[in-house]
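**Student:** sequence and predicted structure below; questions after.
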Amino acid sequence: MISKVSTIEDTKGLLGMLPTLTAGVPDDIFITTDNARCPKSEVYVKEGDYVRIGQLIGMRHAAFFDQPIHCTVSGTVVGYEKHYHRSGKMVNFIHIKNDHKDELDPSIKPRSDEEIAKLTREDFMEILKQTASVGLGGSSFPTYIKFNTKAKIDTILINGVECEPYITADHRLMLEHPEEIVEGIRYLQQAFDCKKVLICVKNKYDDLKKVYRSFLKRFEGSQIELCPVGNFYPQGWEVAMIKSATGIEIPSGHLPSEFGIADFNVSTVYGIYQAVKFNRPVYERNISITGDAIRYPSNFVVRIGTPLRNLLDLCGGYTDPEVNKVFILGGPMMGASLPSDDCIITKTVTSVIVLNETPSVEEPCIRCGSCMLNCPTHLSPKLIMDAVKAKDKEKIKQLQPLRCVECGLCSYVCTSHIRVTDYIRKAKIFAKMP
Ligand code: SF4
Ligand code: SF4
């Protein structure tokens, strides 16, 4: 069964070797008003208004933060439409008719190196707050909140591990934009007054190691180092990456900052560079469109708000249109499945994987123990599943399902094809009940 886990890595293949393509910006763009983190929102524009790239057009509200909504094309507000969001739910999107003039909001303008050199950590936080920078590895957590720590940070980790199968968008971003990424890292060093930076990549990526070892020679004495880590899943999970890179084990319920560590996904660092250097919100991102149902899997730079169907067309459509499809937003291990391709690319969509459906029948648990052996958080998924089936709330709580990071390994390794992770998700709901 362990060998099944080791084969997770074998799916990236050729795609990681092909350059990123720029997807044409469609005539119609859709900007989500609310999302899973921000259930409420206000919209500042109305039908008929002219809008520009980077213009503030609304505000999302979460329990303890607000998140500005920016326009990603220039054009005219048409109204609202419902489409699927990466959460797997239908939500409201503002529909904007693109005039293809790419007019920028006046707030997008470059900062000089002299201005940047004077920025304090509070200034960086304000810039990232106003430009709505979030974790672009999929977390969508506001970046400025990570900066708001009293802990002394002595190591910054850059997460370029991208350990889920199929996805290579970060890999290509790192190969194609080392200058911008290292500049973003230097902003982090300045903001945290922290010299030591480890850029974590999988040890097997010789191309990345070559590019960064060579590029970092320009910054000798800067203490920015390449840090090859394991080739296994879930090496990109922050706790596993920190352990491999520094030897520090972050106990459940604790933050990396308590151990002097701040970690950022590499796409987020690229976004930080754009925000600080140009005062530019994230209005486009790198994304992988892949899977065995796609005729020409590709990595794209995509305008936020692009319908997935446009990208599927650019990939040459489906290999076999007659076969039912499985749509996964994010990686196949942790991503959300969607009932259709009527979905919009938002800021935190790292990838879309489309697979030809291969029906598998769940069989009874044979108590092989594989799910327990492979759980990176040392849970007992089989026992949690049993407790969920028995609706035994006390037992569920004792088994601590809230420590689960939803990596999906327990389902992946299950000999009986049981969707064990679905039971763990249900257990989390039970565990939160009084
Ligand atoms: S999904 Fe949760 S329970 Fe299952 S292997 Fe991953 S961390 Fe463990
Ligand atoms: S749930 Fe699946 S992996 Fe876990 S013990 Fe049962 S058969 Fe094995």
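**Tutor:** All right, it came through fine. Numbers count the residues shown, from 1 in each chain. Ligands and ions are numbered 1, 2, ... in the order given.

**Student:** give me the residues contacting the helix or strand harbouring residue 115.
**Tutor:** Counting by DSSP states H and E, the element that carries residue 115 is helix 113-117. Residues outside helix 113-117 that contact it (Cβ atoms under 8 Å, 6 or more residues apart in numbering): 187, 190, 276, 277. The C-beta positions use only the backbone N, C-alpha and C, and glycine is treated the same way.

**Student:** got the residues you listed as CSV, with distance to residue 290 columns?
**Tutor:** Supplementary listing: those in CSV, determined by distance: Cβ to Cβ, whole Å:
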residue, distance to residue 290
187, 31
190, 36
276, 31
277, 30
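
**Student:** what count of nearby residues applies to the closest residue to ligand 1 within the stretch 101-250 of the chain?
**Tutor:** Nearest residue of the stretch 101-250 of the chain to ligand 1, counting by Cβ to the nearest ligand atom: residue 234, 7.6 Å away. Neighbours of residue 234 under the rule other Cβ atoms under 10 Å: 24.

**Student:** ok, now which ones touch it?
**Tutor:** Applying Cβ under 8 Å, 6+ apart, the residues near residue 234 are 163, 240, 333, 376, 405, 407, 409.

**Student:** so what strands line up beside the helix or strand where residue 288 lies?
**Tutor:** Using DSSP H and E, residue 288 falls within strand 284-290. Here strand 284-290 is paired, per DSSP bridges, with strand 298-303 (antiparallel), strand 351-356 (parallel).

**Student:** hmm, back to that, is it fair to say the residue of the stretch 101-250 of the chain closest to ligand 1 lies in a strand?
**Tutor:** No. Assigned with DSSP: H, G, I helix; E, B strand; the rest coil, residue 234 falls outside any strand and is coil.

**Student:** can I get the contacts of helix 113-117 in a markdown table including distance to ligand 2, secondary structure and pLDDT?
**Tutor:** Shown next, in a markdown table, are the contacts of helix 113-117 (distance: Cβ to the nearest ligand atom, whole Å; DSSP: H, G, I helix; E, B strand; the rest coil; pLDDT from 0 to 100):
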| residue | distance to ligand 2 | secondary structure | pLDDT |
| --- | --- | --- | --- |
| 187 | 45 | helix | 98 |
| 190 | 48 | helix | 98 |
| 276 | 46 | helix | 98 |
| 277 | 48 | helix | 98 |
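
**Student:** so residue 382 versus residue 330, what's the distance?
**Tutor:** Using Cβ to Cβ, to the nearest Å, residue 382 is found at 25 Å from residue 330.

**Student:** endpoints of stretch 285-298, how far apart?
**Tutor:** 14 Å (Cα to Cα, to the nearest Å).

**Student:** would you mark the buried spots in it?
**Tutor:** By neighbour count on 16 or more other Cβ atoms under 10 Å, the buried set for stretch 285-298 is 285, 286, 287, 288, 289, 290, 291, 293, 294, 297, 298.

**Student:** mean confidence score for that stretch?
**Tutor:** Stretch 285-298 shows a mean pLDDT of 94.

**Student:** starting at the chain centroid, how far to it?
**Tutor:** Distance of stretch 285-298 from its chain centroid, counting by Cα atoms, centre = their mean, to the nearest Å, is 16 Å.

**Student:** and if you look at stretch 218-238?
**Tutor:** With Cα atoms, centre = their mean, you get 18 Å for stretch 218-238.

**Student:** measure it end to end?
**Tutor:** 28 Å.

**Student:** before we move on, what about stretch 156-166?
**Tutor:** Using Cα to Cα, the span of stretch 156-166 from its first residue to its last is 27 Å.

**Student:** how far off centre is it?
**Tutor:** Centroid separation for stretch 156-166 versus its chain: 10 Å, with Cα atoms, centre = their mean.

**Student:** could you number the chain from 47 rather than 1 from now on?
**Tutor:** Sounds good: first residue 47 from here, last item stretch 202-212.

**Student:** name the residues of it that are buried.
**Tutor:** So for stretch 202-212, counting by 16+ other Cβ under 10 Å, buried means 202, 203, 204, 205, 206, 207, 208, 209, 210, 211, 212.

**Student:** quick one, what contacts the third one?
**Tutor:** To tie it back to what came earlier, the one meant is residue 204. Contacts of residue 204 (Cβ under 8 Å, 6+ apart): 227, 231, 243, 244, 245, 246, 309, 310, 311, 312, 315.
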